[in-house]
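[1] next come a sequence and a model predicted from it.
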Amino acid sequence: MTAVVGHLMESSFPPHCKSWKGTPFIQLFEADIIKSVRKDLQTIEDNLSQEARQAQVLVIWTDCDLEGENIGAEVMDVCRRANPRIQIKRARFSIIQHREIWEAWSRLGNIDLRQAAAVDARAELDLRIGAVFTRFMTLTLQPEFPELGEGKIISYGSCQFPTLGFIVERYMKQQRFVPEDFWKIDVFINREGSTAKFDWMRDRLFDQRLTLVLYEKCMDDPMATVVSMTTKPKSKWAPLPLTTVELQKAASRMMRMSSDRVMKVAEDLYNRGIISYPRTETDSFADNFELHPLIEAQAHDPHWGQYAQGLLNGRFRRPRKGKGDDQAHPPIHPVKGATDLNGDEERVYEYVTRRFLACCSEAAKGSETVATIDIAGERFVTKGLSIIERNYMEVYIYDKWAENTIPHFTQGERIVPTELKMTTGSTTGPELLTEADLIGLMEQSGIGTDATIHEHIRKIIDREYTNKEGQYFVPTVLGMALICAYEEMSLDLSLHRPHLRSLMETGMKRICDGTRSKSEVVHESVDMYRNAFARVFQQARVLIQVVARYIRGNSGAQAPLPRPPERNHGGGGNNDDFGPDDGDDFDPPPPRPATRGRGRRAEPGGRGRGRATTTRQASSSRTTTSRRGSGRGRGSRGAAPEMDWTRPPDSTGKPKCECGLFATIKRSRKQNENEGREFYTCAKAGAKCRFFAWTDEV
């Protein structure tokens, strides 16, 4: 028996593509991809090879998700090279427990090569797309904005940017929101020692004069008639079984813990056999899943043991079934009792356990009373709630269902209100996104997977594109600038919105179910992003202008400036140091001499076809994927022809002055018709040449 520590291999470009300045951006969409064993894991490769030579059968016990399948395929490749005759089997399990392990041993299967191929496809696309856009943005912005920090890498990821886009969009909605005054009428009736507040069935009006007319009408004839008094049963459903995404949302809302932190804690609890596998999209327990032994394991807990015993004594109800099923793992649940945990581990385990016991319980039951009155033709309503049986809420302390008793009224009864008043208020703008909100948007839009969502959120924080202030996300000025720049480019397929990445993730699912091949999905996605990049490349000047407007000008943004980088945020390949959604795997370019300038406000301004062939060549340590593409399209909808793809057009889109230097941008301060207008002039600090040109005329 031996072990690995995650992915053995990483994807990278060949050495001749490592030069940021010398390699055409567009070439990275077609360059070979080398998949080789990581240098720091070569001892593990040697160990696997040695063990394989002495074995007849290899059983792979990696995690039972797509990443685990891919790791298993990597182990299989290494061992087959050492021993081509070795028989390889796959064990699948969700719980590290004696019975589950033996069951997995009794039903060994094979590595799912389609799932492994889907992971390889995603890794290749993330590397190509991230490298192209990261190099482009860095080489475009780094020399223009030294205030960002020397060596600052402006990274792009096809999940990073849509995630950041959600944050910026909500921030902008809040900033642009204009409150609007409204007016309404409230009625209060005191009876039997309690007060019932009746709400106007019109809710509110945005016309003060009309509201006043209706209010005075009620005041002239204030006698209220009880139109109806109804009582009906009310239920509050027990929660569904727990998925990864719901655990991450709960961490933000109920535990004040980041999604990244809760996943680390959950994985540690799983590795110690305390909870089940924490990466699952399944929110239904199979009909033959044995739940009672899991409840029995909680019967002696000092906090919820008595409740668990009650379930065993007849209060148990089969959990509701959700719509999610990843066909691999059951919902997250406790495997055994644990009373020796502390801190975050204790809080996560408590939530998982209380959620599990709650989903095995009856819904809470109550009685809702609704009374409706009429005053001068205007209707008002009040509601009361009394809880009859708390049921699951006895153990699931995270749900609230407040009781509200109201006096008894009789239909047809006439009452004089205790108070009748006209009140005013103002509409409020949307709140900034919490982590739970952001996770929900990412899930709905197909950005990331249940296993990677938390990594993408952590990534945009690490990249200093957003900050977390309390529980809310606030974009930094740099994050705002980048998203607004892509917005102003007015691309058909916006790179900061979820559409392209969602299509890519759908392609991964098609690889897994066998309806599409890896090469087809990679080819289509590369074509989409290549065409998008061609349009972005031609608008490099817009990128500079918008970033300048936010970094140096008055953008109206109140987000904080990014902090100076504490480390080199170079784009990552597919290794664990950088995560799955990064751009590059090698050293960033040396900083270029910086020029200072002020960008002016930019005015807002198809899919080509191609062929690709994919070849796989097995060698001692690597797999090489070669792409040869020929873009075809009509007009500007294809890749831009005959263009220098090694750098943005004219580096910055600026003309050169008579000294042969790129001109700098300044703003006219003369109090005439040109005040505020921007112009090009010599970049020299001392003796300048006479070069001059208005920016909007070049």
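    That came in fine, so what should we check first?

[2] residues contacting residue 497?
    Counting by C-beta atoms under 8 Å, 6 or more residues apart in numbering, residue 497 makes contact with 162, 165. Any C-beta I mention is one placed from the backbone N, CA and C, and that applies to glycine too.

[3] helix or strand: which one has it?
    Using DSSP states H and E, residue 497 sits in no helix or strand.

[4] torsion angles phi and psi at it?
    With angles defined as degrees, to the nearest 10, residue 497 sits at phi -120, psi 160.

[5] what's the answer for residue 154, then?
    Dihedral angles for residue 154 - degrees, to the nearest 10 - are phi -100, psi 90.

[6] next one, pLDDT for the nearest residue to it once chain neighbours are set aside please.
    Ranked by C-beta to C-beta, 6 or more residues apart in numbering and with sequence neighbours excluded, the top spatial neighbour of residue 154 is residue 137, at 4.1 Å. At residue 137, the model reports a pLDDT of 93.

[7] quick one: the helices in the stretch 251-400 of the chain?
    259-271, 292-296, 305-310, 343-359 (DSSP state H, counting those that start in this stretch).

[8] reformat those helices as CSV; add distance to residue 52 and mean neighbour count.
    Converted to CSV, the helices of the stretch 251-400 of the chain look like this (distance: least, C-beta to C-beta, whole Å; neighbours: other C-beta atoms under 10 Å):
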stretch, distance to residue 52, mean neighbour count
helix 259-271, 25, 20
helix 292-296, 38, 15
helix 305-310, 46, 18
helix 343-359, 37, 21
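
[9] any chance of a markdown table for the ones you listed, columns mean pLDDT and distance to residue 143?
    Below are the helices of the stretch 251-400 of the chain laid out as a markdown table (pLDDT from 0 to 100; distance: least, C-beta to C-beta, whole Å):
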| stretch | mean pLDDT | distance to residue 143 |
| --- | --- | --- |
| helix 259-271 | 93 | 33 |
| helix 292-296 | 94 | 60 |
| helix 305-310 | 95 | 64 |
| helix 343-359 | 96 | 43 |
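
[10] now distance to residue 46 too, for these, in TSV please.
    Shown next, in TSV, are the helices of the stretch 251-400 of the chain (distance: least, C-beta to C-beta, whole Å):
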stretch	distance to residue 46
helix 259-271	25
helix 292-296	42
helix 305-310	49
helix 343-359	35
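
[11] what's the closest of the ones you listed to residue 509?
    Nearest to residue 509, of all the helices of the stretch 251-400 of the chain, is helix 259-271, at 21.8 Å by C-beta to C-beta.

[12] for the closest one, packing partners?
    Judged by 3 or more C-beta pairs under 8 Å, 6 or more residues apart in numbering; DSSP states H and E, the packing partners of helix 259-271 are helix 244-254, helix 343-359, helix 453-462.

[13] among these, which is nearest residue 147?
    helix 453-462 (19.7 Å).

[14] average pLDDT across that closest one?
    When pLDDT is averaged over helix 453-462, the result is 92.

[15] was I right about residue 414 contacting residue 225?
    Yes. The criterion here is C-beta atoms under 8 Å, and residue 414 meets it with residue 225 at 5.4 Å.

[16] isn't residue 682 up against residue 688?
    Yes. Residue 682 lies in contact with residue 688 (C-beta under 8 Å); the separation is 3.8 Å.

[17] of those two, which one has the most company?
    The residue with more neighbours, out of residue 682 and residue 688, is residue 682; 19 against 15, by other C-beta atoms under 10 Å.

[18] separation between residue 49 and residue 58?
    12 Å (C-beta to C-beta, to the nearest Å).

[19] my bad, residue 472
    Taking C-beta to C-beta, one finds residue 472 at 49 Å from residue 58.

[20] for residue 350, same thing?
    Relative to residue 58, and taking C-beta to C-beta, residue 350 is found at 39 Å.

[21] for residue 695, same thing?
    65 Å.

[22] ditto for residue 183
    Using C-beta to C-beta, residue 183 is found at 75 Å from residue 58.

[23] can you list the domains in the protein?
    9-113, 181-237+368-426, 244-359 (automatic domain parsing).

[24] between those, which one is nearest to residue 477?
    The nearest among the domains of the chain, by C-beta to C-beta, is domain 244-359 at 22.8 Å.

[25] residues near the residue nearest to residue 154, how many?
    That count, for residue 137 with other C-beta under 10 Å as the rule, works out to 23.

[26] buried set for the helix or strand that contains it?
    Element membership for residue 137 (DSSP H and E) is helix 113-141. Buried residues in helix 113-141, counted by 16 or more other C-beta atoms under 10 Å: 114-141.

[27] packing partners for that helix?
    Using 3+ C-beta pairs under 8 Å, 6+ apart, helix 113-141 sits against strand 9-12, strand 33-37, helix 66-82, helix 499-513, helix 518-537, helix 540-551.

[28] rewinding a little: okay if I get the helices and strands packed on helix 259-271 as TSV plus distance to residue 261?
    Compiled in TSV, the helices and strands packed on helix 259-271 are given as follows (distance: least, C-beta to C-beta, whole Å):
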stretch	distance to residue 261
helix 244-254	7
helix 343-359	7
helix 453-462	8
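
[29] can you say which of those is nearest to residue 486?
    Across these, closest to residue 486 is helix 453-462 (C-beta to C-beta), at 14.4 Å.

[30] contacts for that closest one, please.
    Looking at helix 453-462 with C-beta under 8 Å, 6+ apart, the contacting residues turn out to be 157, 159-160, 163-164, 167, 245, 248, 258-260, 262-263, 435, 438-439, 442-443, 447-448, 466-468, 479, 569, 579-582.

[31] and the angle from the helix holding residue 137 to helix 499-513?
    160 degrees (axes from the mean of the first three to the mean of the last three C-alpha atoms, to 10 degrees).

[32] so what's the gap between whatever helix or strand comes next after helix 113-141 and the chain middle?
    Using DSSP H and E, the helix or strand that follows helix 113-141 in sequence is helix 160-176. Averaged C-alpha coordinates place helix 160-176 at 12 Å from its chain's average position (C-alpha atoms, centre = their mean, to the nearest Å).

[33] packing partners of helix 160-176?
    Short answer (3+ C-beta pairs under 8 Å, 6+ apart): helix 160-176 packs on helix 435-445, helix 453-462, strand 472-475, helix 477-488.

[34] tell me which of these lies nearest to residue 44.
    Per C-beta to C-beta, nearest to residue 44 of the helices and strands packed on helix 160-176: helix 453-462, 23.0 Å.

[35] partner strands of the next helix or strand after that closest one, with direction?
    Following helix 453-462 in sequence order, the next helix or strand is strand 466-469 (DSSP H and E). Strand 466-469 sits in its sheet next to strand 472-475 (antiparallel), going by DSSP bridges.

[36] follow-up on the earlier one: buried among the contacts of helix 453-462? Need that as a selection in PyMOL.
    To isolate the buried members of the contacts of helix 453-462 in PyMOL, using 16+ other C-beta under 10 Å:
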select buried, resi 157+159+160+163+164+167+245+248+258+259+260+262+263+435+438+439+442+443+447+448+466+467+479+569+579+580+581+582
